[in-house]
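Asker: coords below, sequence missing:
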């Protein structure tokens, strides 16, 4: 079959074009698989085993979804301010607002224990692909999942060895299961606050500057981990550089990128490009306007809406950036060519074709199905996020009552026994209810549902049989007794029977929605999400089979190193310089939020060197989860602290665009400079610079 | 040059594939150029000269942008309710709301004169391409424009022959100037109201049903034109069919489609697809949310925001539909292939290449330029529509003062002498000002500008030097004296000097914005709009040169006929039936707006035959401007009244999609049926059915 043979060869050759580091800088590499050859060839740098071990042990993960690093032998941890917000809010009291004012513990006694925070240090990792494959071989569906759960539990338990307080062990699937690893973490659960600036300083520039550059943020937090009431001994830590990196310098980040979708197919990306992202952006923009007008009515309203508005603002910027990336013809075409080459290679090889040939078509079919039910699924199933609190509570109670009648393995994940305590805590939370806010948001949600699905859609016929969406919302909110926690408790405890008997109008509304929700959720999960996930994993494993560890795996919120160079990028034909300075910060400031300097920075102006670098950008490949990652140089010194990406970096979900993707970091020079001259944190500066 | 020759031939053959009526139904055809061969071949119907003349004289244009037709020999005109809104609002008085209640003049004496309405009947058209070409030959730029103005004025003046009250003459450019025609209209300026239903009936289903189907709207208005105080004699009129069309029947529309962009290049369509439409939709959705929350605060607020909210809602639906069309891969690929074929043909012919070869690249370059300044241009130049009234007034005064210092031909169009009276009327209008609305909308606009352009964009540095966008807006609105018309008058009369001396904070704000506005507007017009327009016209004339009148010209709000068939379409795999019925109307109704039936329809339920068709769809190719167009059968009888299109018809701006594009009409059976059984308009029914 010569013809096939040569086509197969052509396919391989084509595919090979896409393997090598055609985009230098690409990849979030596991420490067990750094791109050593590329580093040597391009930068003349070869990381030693010692260097790698040092980076691994000096890096940490914050359990909430951030990264950090040890910066002294006494358990001192450096991360972002925005990674410590939960701790700061938990520690704040009336008259002692840790978000509004900076905090500095000059002595260890003054350090404040964060209510719930965990720092984890990856101490060991072992390739367990063989064991996992052996346990799951020949299985599929539920049997596969059960076997996977069993082997994971076995490996993890053995690894923890009875001390779950000290160790966390996780089976990690790289290449969507192409490789399986057992990661062992040292857990630190006594985490104390040493230093934070005010949020005004850490998030200087606010929403308009967010995901943008030039930037002037001092987004740092300093924590300390304790063991048995004493600072942990952490001999592997990063020394801070007093002067930060130079332009053009090779730098590394070490951290825990959360998730990427770089194995997504063209069909998936096209569905995101249209209709998913444009429509999601319309919903978000509508909510933004709604919350903006609500907030404008009073300071009270503004406070009520602030959290959701922040979330909406941030989501809009993030999706705008991702949509722009998906509309970058150069990058998209590159991705299309890579997929075409891979598919050609598969098509030309009967064995590959039999095993993998159907994956792309299966995904495309699932995406077409997704497109046809996207609007109702989005409106009815994914309504949760922006919804009014009373409605969310009612729906949680009604859905929970239904799910709890089912056996564990038939339930929706959140309603399995193990997750019920968290859910109960949310549903029975004493957080105040704001009926006017709830009525506005619920009315807007129901009206949008009616407008987009049509008055004669079955769910609208049910919900709006007698009253308009606005009337239904007002009736449900102002007639509900669910603000009373005791009422919620009784309904939750009473289960199906109590829910069925309730005449609370909010419960009635949730009850009416339930069957539509269940039907659509099942349809979307079974017909869209599941086939997409299965086949995406298939393609990822195929790529791993063909290219091995020459390509980096998708991010999994596990320790990865990226390399890059400190440099600007070309925006609208103009080069954006890589560094900003203290002088730029004072120039950028205004007398109103979010550009108002905090008093300590205003007072320190003359003590700071205006030329000190403030923030810098580098071509490192990072995504969310890398927040708080150290930026280190060849010598393993900490030269910066990752806190954001530039707008083109938002495309990092789908691919790495070396020309434009930039990570944004706080320069180590200003970290030390401000601690000294703004905050007079002399003891901390000494510990950071001398280790004592 | 054999090679080139054969490539040229291949190009022609390729191009030819795209000429013929590959999409039956496509085209808004001038009466002078109906697709006679296609009609004969596909439907066995050949319109006679008499048929064509009859259609022309029985059809009318409403000067505000609608269509209509004569439906009796006594000047009776049928159009849409939504085409008569200005008249209805003008005639409404406290206690006599013509939007809220139906109106019927049982006798001619009761007919109400519309304050400002004009009906125009196309009586004659003459091809003047020769004269126009002769006058403009060899000219370009300003000289071309001047010569065009001169020859148009000469032709139009001669045609009007001194009686501008009776005649309107217009030089009309078909095929973007491929053909020039002189159109002569009989003007009717005494237009009286005979019958309208309430808006509740005409726009039944409201926003959620708008641009949708099934539909149940009675969107009709009946007017009468008078000459010298007596009903006009209109011997050419459409007889109404008592039973409407049958499914599958060939039908025609006759009307004035406003504008299409079917000669747009792929580069233009791609720019609309991203970023223009998605971004515009985000702005609109934001405004929708903002106005929704503002309206929810009180009935007063709802009334203040209603007009703008209606506009925003409508624009979102329209753009959503257009964006969906642009993301229809089948249609887009078809368009791409047609362009590629045309370009291949041009590339293969040295003469064509020299003359037209650069057009596509010039447009693509202009679109790239447009993309790079789209955001500031959109924010700073096109801010007008949703803006707060006081700000619009201030900006009009400031811009007007500036423009009036310039010679006529250097001014922005709206500020040329001929347009100043209209502008003055708007700026000095006594319509009330709503400061809280203004402050919210202006604050939102300025905040968006700051968020998207960045705090350090020059315009933001200027505007927000000391105060935040919210503070600037509040200060300008609540500190302004422009609510006082006398203040506006003085500033308008005082020109540059008065504007420069004013310390009114709204004038100050407008003054600060002016230089940015002028610079960007000029850049956008010179570097984007002008090259796009010139080169689009070039390509249109090339297509005309190659294909002649076998292809239809873009719409120009002049009389056109489309043909189509009464039939449904396939939506999400299900066939949508072409007709709705009276039974469906009552089933669709609810007890709340916008699905509430007006009392006269509730009362008439038993008198109406439930099987009477209410609305129907047909595959006719129509766009905005066709509102009020008669739908006629082969015999020239009126079987329906166009009032909308289905969602896929929104792609009609770019192409005709025969598979899915449907025009939506009121069936003549219910027009007559409801006049008789709901409104007891016996005299009107008699006139419509007997001509007496």
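Answerer: In hand now; what should we look at? As the structure is a prediction and not an experimental result, all values here were calculated from the model. Numbers count the residues shown, from 1 in each chain, chains lettered A, B, ... in the order given.
Asker: residues contacting the residue nearest to residue A:157 when sequence neighbours are not counted?
Answerer: Excluding its sequence neighbours, the residue lying closest to residue A:157 (C-beta to C-beta, 6 or more residues apart in numbering or on different chains) is residue A:169, at 7.9 Å. In short, each C-beta sits where N, CA and C put it, glycine included. With contacts defined as C-beta atoms under 8 Å, 6 or more residues apart in numbering or on different chains, residue A:169 is in contact with A:155, A:156, A:157, A:159, A:160, A:182, A:183, A:184, A:185.
Asker: List the residues that contact the residue of chain A found nearest chain B.
Answerer: Per C-beta to the nearest C-beta, residue A:289 is where chain A lies closest to chain B, at 2.9 Å. Residue A:289 is in contact with B:285, B:286, B:287, B:288, B:289, B:290, B:291, B:292, B:293, B:444, counting by C-beta under 8 Å, 6+ apart.
Asker: gap between it and residue B:441?
Answerer: 10 Å (C-beta to C-beta, to the nearest Å).
Asker: Spell out which residues are contacts of both of the two.
Answerer: residue B:290.
Asker: rewinding a little: export the contacts of residue A:289 as CSV, with columns for distance to residue A:64 and pLDDT.
Answerer: Formatted as CSV, the contacts of residue A:289 follow (distance: C-beta to C-beta, whole Å; pLDDT from 0 to 100):
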residue, distance to residue A:64, pLDDT
B:285, 31, 96
B:286, 31, 95
B:287, 36, 94
B:288, 35, 95
B:289, 30, 96
B:290, 33, 96
B:291, 38, 96
B:292, 35, 96
B:293, 32, 97
B:444, 33, 94
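Asker: so which helix or strand takes in the residue lying closest to residue A:463 once chain neighbours are set aside?
Answerer: In this structure, residue A:463 finds its nearest non-sequential neighbour in residue A:512, 5.7 Å apart by C-beta to C-beta, 6+ apart. Residue A:512 is located in helix A:505-524, with elements delineated by DSSP states H and E.
Asker: before we move on, what about residue A:120?
Answerer: strand A:119-127.
Asker: And for residue A:432?
Answerer: Under the criterion DSSP H and E, no helix or strand holds residue A:432.
Asker: Would you check how far apart it and residue A:491 are?
Answerer: On the measure of C-beta to C-beta, residue A:432 and residue A:491 end up 19 Å apart.
Asker: What parts of the stretch 501-650 of chain A come near chain B?
Answerer: A:572, A:573, A:588, A:590, A:591, A:592, A:593, A:595 (C-beta under 8 Å from any C-beta of the partner chain).
Asker: among the residues you listed, who's most crowded?
Answerer: Greatest neighbour count in those, by other C-beta atoms under 10 Å in any protein chain shown, goes to residue A:595: 21 neighbours.
Asker: follow-up on the earlier one: mind checking the SS state of the nearest residue to the residue of chain A closest to chain B once chain neighbours are set aside?
Answerer: Spatially, and ignoring its direct neighbours in sequence, residue A:289 is nearest to residue B:289 (2.9 Å; C-beta to C-beta, 6+ apart). Classification of residue B:289 by DSSP: H, G, I helix; E, B strand; the rest coil places it in helix.
Asker: sorry, back to before: which strands and helices sit next to the strand holding residue A:120?
Answerer: Strand A:119-127 sits against helix A:49-58, strand A:59-62, strand A:179-188, with contacts defined as 3 or more C-beta pairs under 8 Å, 6 or more residues apart in numbering or on different chains; DSSP states H and E.
Asker: can you count the residues close to residue A:314?
Answerer: So residue A:314, with other C-beta under 10 Å, has 14 neighbours.
Asker: Is the helix or strand hosting it in proximity to chain B?
Answerer: Per DSSP H and E: residue A:314 is located in helix A:299-326. Yes: residues of helix A:299-326 contacting chain B under C-beta under 8 Å from any C-beta: A:316, A:320, A:323, A:324.
Asker: Narrow the residues of the stretch 501-650 of chain A next to chain B to those in helices?
Answerer: residue A:588 (DSSP state H).
Asker: quick one: secondary structure of the closest residue to residue A:591 other than its chain neighbours?
Answerer: Nearest residue to residue A:591, sequence neighbours excluded (C-beta to C-beta, 6+ apart): residue B:466, at 6.3 Å. Counting by three-state DSSP, the backbone at residue B:466 sits in coil.
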